[in-house]
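Undergrad: Model the following, please.
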Amino acid sequence: MSFAWKVTVTVVLFAICAVAAVILIVSLLGTPPVVDYSAGASGQPVNVTLQAVGAIGPGNHPDWVSYLVESPQGQWVHTTVFQVPQHTRINFTIYNYDSGSPLRNQQLGQVTGTYGNTALLNGRPFRVINSNAGNGVAHTFTIPELGVSVPLYANNGNANLCGAAPCTTSSPHKIIRFSITSPGPGDYRWQCFVPCGLGWLFGNGGPMGTLGYMGGFMKVVA
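TA: The predicted model follows:
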């Protein structure tokens with residue numbers, strides 16, 4: 001092999017390694033952190049707490065709607081990826097700080113896949129939200145693979161709503177609670193099915209298709 005050929009091969013290999021490193025760094029930086037609820041669960045019910053906000057505030061997309069997850073230590077994390085143990089009761093609490101509107105598909109106003117196909121709205125049980133009445137529906141928390149879907153009743157759009165996350169209970173909010181049983185190990189995609197990507201075609205772009213905003217994964221481990 002000639003010297004020139006060795007140099008060419010070395011340069012090509014270096015370029016490939018450099019590109020791979022860049023891709024890896026971008027991938028790592030673009031992946032939301034995982035909030036782990038599985039450590040020390042020991043067969044006891046696990047409590048998962050989220051909040052839905054109309055605008056995340058900091059970061060590259062300050063006006064994007066988003067979910068956040070509260071860590072077991074009580075810190076709000078801008079992520080939509082959390083980990084729970086298998087075959088365990090998971091008690092969800094979602095604080096909704098966003099406004100809403102009537103649903104395009106009224107079926108999304110139904111609660112499905114939870115214990116008793118019910119949820120609690122500010123402590124009162126409900127099975128369906130009529131989005132054509134009151135404040136409408138802001139978002140859903142939906143795990144299609146498990147048949148789980150819960151609508152989040154909205155706040156009055158004329159109220160002084162929280163404008164940057166994490167929001168506190170001093171701002172207008174609704175509290176939605178429900179429980180499910182986690183399945184076997186795997187990564188289960190969850191998503192909001194209310195088109196809330198303001199400024200995108202039919203509301204389905206931007207935060208709707210970006211991990212860490214309006215969709216994420218429930219990672220179930222043994």
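
Undergrad: And the next helix or strand past the helix-or-strand element of the chain with minimal mean pLDDT?
TA: The least trusted helix or strand in the chain, going by mean pLDDT, DSSP states H and E, turns out to be helix 3-29, with a mean of 40. Sequence-wise, the next helix or strand downstream of helix 3-29 (DSSP states H and E) is strand 34-36.

Undergrad: Touching that next one from outside, list them.
TA: 69-72, 77, 79, 81-83, 219 (C-beta atoms under 8 Å, 6 or more residues apart in numbering). Where C-beta positions appear, they are placed from N, C-alpha and C, glycine not excepted.

Undergrad: ok, G197 - contacts?
TA: 65, 203-209, 214.

Undergrad: go on, P185?
TA: Taking C-beta under 8 Å, 6+ apart as the test, what P185 contacts is 86, 220-222.

Undergrad: and if you look at G205?
TA: G197.

Undergrad: before we move on, what about V81?
TA: 32-35, 69, 211-212, 216-217, 219.

Undergrad: For the residues you listed, which PyMOL command selects only the ones that are buried?
TA: To isolate the buried members of the contacts of V81 in PyMOL, using 16 or more other C-beta atoms under 10 Å:
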select buried, resi 32+34+35+69+212+216+217+219
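
Undergrad: Which single one of the contacts of V81 is nearest to A119?
TA: V69 (18.4 Å; C-beta to C-beta).

Undergrad: thinking that closest one is in contact with T79, fair?
TA: Yes - counting by C-beta atoms under 8 Å, V69 does reach T79; the two are 5.4 Å apart.

Undergrad: thinking I180 is in contact with V111, fair?
TA: No - using C-beta under 8 Å, I180 is not in contact with V111; the gap is 11.0 Å.
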